[in-house]
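Engineer: Build me a model:
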Amino acid sequence: MIKPTPSSSFPLRASFAASAVRRGRYSHIQTFATKTNIAPSDNTPENDKKHAVRDSTASSTPTASSSDSRSSEDAISQASGGSAQSTVTGGEHDWEEHPNFNIEGFNELPHANFGVNQHILINAEFKEALRQVLWQFRAPIRYAFAYGSGVFPQSKSDGHVPTEAEIRAIHPKAPAAVQRAQDGTPKMIDFIFGVTFTQHWHSLNLNQHRDHYSFLGSLGSGAVSTVQDRWGAGVYFNPYVVVNGILVKYGVVNLDTLCKDLSEWDTLYLAGRLHKPVKILRDDARVRLANQMNLLSALRTALLLLPPTFTEVELYNTIASISYLGDLRMSLPTENPRKVSNIVGHNLPNFRRLYAPLVETLPNVEFDDPGYRSEGWIADGDANLRLRQDMDPVKRGNMVSRLPKAFRQRLYFQYQKKFAIPQDEFDRMMTESKEGDATSFKKRQGGGFEQRIAQDEPNLLREHVRGVIKQTVNWPSTTQSLKSGLTAGVGRTARYLGEKIAKYRQGSAQPAAPKEQTGSASNSPSENKPGELKSDEKSS
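Structural biologist: Sure thing, here's the model as predicted:
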C-alpha cells in the first residue's frame, strides 16, 4: 500500500507524520517541526476588533492577493504567524482516549496543530470581507463559519460578467473581494453563529437589528429563543438581510446544541453542514474538538457504506450525502438534484484537506494509489485517488462501536430487531455502552454484537445505516423547514422557496456529467444515491 512521503503538501504532511507514528508506521520519525500559529493560547474577547483577528489566526491566509490556487504547502507556510516545535513519539497520548469536552482554551487541545484540517483556505480579501460582517454585531459571537455556494462555488463560471444592476439586486454595496470571489454569479452568503446564551444574544441583537427579524421579534427575545431552542434543530435563521453591503442569511445556535450535534449526531443538522468545507471565521476550542470527532464519525460512517476499494470522489460523495438523506427539501422540487455531485466535484481539494489527514489516523483504511506520491496532489482538483479499507470484522466492529452516541444507539436498535435480541439482553448491552462512553472513548471496542453488525450482508448493512441516517435527519430537518415560515416571515420564505425551485429546475435541465478518467481512478457516477455504488462494485 502507498504510504505518505515528504512530497505531500505541508498541512496534511504534519498530520500524516504524527498519526503514522501513533499507528506504529515510520518509527524513524521521532520529531516533526512545524510553523504554526493555529490556535490562540486563550479565548480572546468576542467582537473586539483588535482581538478578533487573533481569534481567527487558524484561518488566516497569506497576502491579499493570495488564494487556493497556490500550493497547499506555500499557503499554510505563509499563513503561519510563528513557529513552534511539535514533538511526536510513538507513546504520545491518543486524543480520542479521553476526550475533554469541558476545555475552555485552545491550549487545552491535544496538540498545537489539532484541527488544522478544519480551516479551509480562501482568498484573504474575501475572508476579511466575511469577517467584517461579524464585526457588525454587538451581540457576542463565540464561533462562526460561512458556508454554501456563496463561499465555495458549486459550478464552473460561465464567463458572464454581471452588470452593476445585477450585483446590486443581490448585494446593495458588496466589497470588490466579494464580487470577485463569486465570479459573476452574485449569491446570498450563509453564516452560522454559535452563541453562549441564546436569549441574551437575541435581546442584544433585537435592540441593534430589529429589522432582521420577522413578526416574532415584536414578541421579544424570550419568544425568539424559545422558538430557536425548542423547535426544529435548535437554529434560528434570519435570511435576506443586508450587513455591510452584503446580502446574508445567518443562523444562530447555542454552543451546547452545536457541540452535542457534532459529538452525538442527535439531529445531524449542523453536523452535516460541517461534513463539507466551510470557512471558519471565529473559532472555539470546544467546537473544534467536537467537530474533529464529527469529521471522524462521517468518515467511519462512509466506510461502512463503501466496498473494499473505492475512489476519493466516491468517499466524499458518500460523506457529503449523509446530511441530505431524509431531508424534506431533497424529496420536493426545492433543491438541485445534482447538489451533492456539484459540491464535491468543484471542491475536491477542500474535501481532501478535511479528510486526508483523518484517513491516516484510522487503522483500517489507506490511500492505495501511486498518485499519492505526487508533488502537489492535495491541491489537484483533477486527481481522484483510490483507497482501500480492511474489511476485517473486528476492525469494522470497533468502527461501529465508535459511531456517535445517538446515531449508534439507533443503529443498535435496528439490529436488535433484526437479530431478535431479547430486551433484557439488549438493555444490558446498552448499559455497558453508556458506561464505556462515560469512561473512555478508546475503550469502546466492538464486541460480538458490533461484529455481527459489521458482518451483515453489505447491501443490507448499507440499507440499515442509510435508514438510521434518514431517521436522524428527517424530523429535525422537516420541523426546521416549517419553522422558517415563522422566523423568516411570509415574504422572505416565499422568496427562498422561489429560488430553491429555480435551482431544482436548473439542476434537472443540466445534462448528466460524462464518466471520465481522472487521476488514477474513475469518478463515481454523480447520480448514485449516498452509499450506493456502481453495479460492478457491489459484488466486490
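Engineer: When you work out contacts or count neighbours from here on, use the C-alpha atoms and nothing else.
Structural biologist: OK.
Engineer: For the residue nearest to Pro239 when sequence neighbours are not counted, give the beta-bridge partners.
Structural biologist: Spatially, and ignoring its direct neighbours in sequence, Pro239 is nearest to Lys249 (4.0 Å; Cα to Cα, 6 or more residues apart in numbering). For Lys249, the beta-bridge partners are Asp190 (DSSP bridges).
Engineer: contacting residues around the closest residue to Pro175 other than its chain neighbours?
Structural biologist: Closest residue in space to Pro175, ignoring its immediate chain neighbours: Ala129 at 7.1 Å, by Cα to Cα, 6+ apart. Ala129 is in contact with Pro175, Ala177, Val178, counting by Cα atoms under 8 Å, 6 or more residues apart in numbering.
Engineer: So which of those residues wins on neighbours?
Structural biologist: Comparing those by number of neighbours (other Cα atoms under 10 Å), Val178 comes first, having 23 neighbours.
Engineer: Please identify the buried residues of the helix ranked longest in the chain?
Structural biologist: Under DSSP state H, the helix in the chain containing the largest number of residues is helix 458-488. The neighbour-count check on helix 458-488 (16 or more other Cα atoms under 10 Å) flags 458, 461-462, 464-478, 480-481, 483-484, 486-488 as buried.
Engineer: With stretch 388-396 instead?
Structural biologist: Neighbour-count burial for stretch 388-396 flags Arg388, Gln389, Asp390, Met391, Pro393, Val394, Lys395, Arg396 (criterion: 16+ other Cα under 10 Å).
Engineer: Could you identify the most distant pair in those?
Structural biologist: Distances among the buried residues of stretch 388-396 were taken as Cα to Cα; the most separated pair is Arg388 and Val394, at 16.6 Å.
Engineer: Measure how buried Asp183 is and give me the count.
Structural biologist: By other Cα under 10 Å, 17 other residues sit near Asp183.
Engineer: mind checking pLDDT for it?
Structural biologist: Predicted confidence (pLDDT) for Asp183: 81.
Engineer: secondary structure class for the closest residue to it other than its chain neighbours?
Structural biologist: In this structure, Asp183 finds its nearest non-sequential neighbour in Ser157, 6.6 Å apart by Cα to Cα, 6+ apart. Under DSSP: H, G, I helix; E, B strand; the rest coil, Ser157 falls in the coil class.
Engineer: what's the neighbour count on Asn244?
Structural biologist: Neighbour tally, Asn244, other Cα under 10 Å: 19.
Engineer: And Gln292, by the same measure?
Structural biologist: Based on other Cα under 10 Å, the number of other residues close to Gln292 is 23.
Engineer: same question, Glu457
Structural biologist: Residues lying near Glu457 (other Cα under 10 Å) number 10.
Engineer: Next, give phi and psi for Gly194.
Structural biologist: Backbone torsions of Gly194, given as degrees, to the nearest 10, read phi -90, psi 130.
Engineer: you'd agree it is up against Arg142?
Structural biologist: Yes: using Cα atoms under 8 Å, Gly194 is in contact with Arg142, at 5.6 Å.
Engineer: quick one on the thing from earlier: how far does the longest helix of the chain sit from its chain's centre?
Structural biologist: Chain-centre distance of helix 458-488: 17 Å, with Cα atoms, centre = their mean, to the nearest Å.
Engineer: Against which helices or strands is that helix packed?
Structural biologist: strand 235-243, helix 269-273, helix 285-305, helix 328-331, helix 405-419 (3 or more Cα pairs under 8 Å, 6 or more residues apart in numbering; DSSP states H and E).
Engineer: go with 6 Å
Structural biologist: Using 3 or more Cα pairs under 6 Å, 6 or more residues apart in numbering; DSSP states H and E, no helix or strand is in contact with helix 458-488.
Engineer: any idea of the mean pLDDT in that helix?
Structural biologist: For helix 458-488, the mean pLDDT works out to 91.
Engineer: Low-confidence stretches in the stretch 201-350 of the chain?
Structural biologist: Low-confidence segments of the stretch 201-350 of the chain, defined by pLDDT under 70: 330-336.
Engineer: do that again at 80, thanks
Structural biologist: Scanning the stretch 201-350 of the chain for pLDDT under 80 picks out the ranges 326-337.
Engineer: so which helix or strand takes in Phe426?
Structural biologist: Element membership for Phe426 (DSSP states H and E) is helix 423-439.
Engineer: Following the chain onward from that helix, which element is next?
Structural biologist: Sequence order places helix 448-454 as the next helix or strand after helix 423-439, per DSSP H and E.
Engineer: List the contacts of that next one.
Structural biologist: Pro393, Arg396, Gly397 (Cα atoms under 6 Å, 6 or more residues apart in numbering).
Engineer: For His275, state which of the residues you listed is nearest.
Structural biologist: Among those, and counting by Cα to Cα, the member closest to His275 is Arg396, at 21.2 Å.
Engineer: Please identify which helix or strand holds Trp165.
Structural biologist: No, residue 165 isn't Trp; it's Ala. Element membership for Ala165 (DSSP H and E) is helix 164-170.
Engineer: after that helix, next one along is what?
Structural biologist: Per DSSP H and E, the first helix or strand lying C-terminal to helix 164-170 is helix 176-181.
Engineer: Okay, Ala181 and Ile189: tell me how far apart.
Structural biologist: Distance, Ala181 to Ile189, using Cα to Cα, to the nearest Å: 11 Å.
Engineer: who's more crowded, those two?
Structural biologist: Between Ala181 and Ile189, Ile189 has the larger neighbour count (other Cα under 10 Å), namely 23 against 20.
Engineer: is it true that the more buried one touches Val248?
Structural biologist: Yes: using Cα atoms under 6 Å, Ile189 makes contact with Val248 at a distance of 4.7 Å.
Engineer: And the strands in the stretch 51-200 of the chain, which stretches?
Structural biologist: 84-87, 143-147, 189-195 (DSSP state E, counting those that start in this stretch).
Engineer: Let me have the ones you listed in CSV, extended by distance to Gln423 and mean pLDDT.
Structural biologist: Conversion of the strands of the stretch 51-200 of the chain to CSV gives the following (distance: least, Cα to Cα, whole Å; pLDDT from 0 to 100):
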stretch, distance to Gln423, mean pLDDT
strand 84-87, 49, 31
strand 143-147, 42, 98
strand 189-195, 40, 98
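Engineer: among those, which is nearest Ala420?
Structural biologist: The closest of these to Ala420 is strand 189-195. By Cα to Cα, the value is 42.4 Å.
Engineer: got the contact list for the closest one?
Structural biologist: Against strand 189-195 from outside (Cα under 6 Å, 6+ apart): 141-147, 150, 248-255.
Engineer: now Arg408: how far from Ile469?
Structural biologist: Distance, Arg408 to Ile469, by Cα to Cα: 10 Å.
Engineer: Tell me the residues that contact both of these two, please.
Structural biologist: Common contacts of Arg408 and Ile469 (Cα under 6 Å, 6+ apart): none found.
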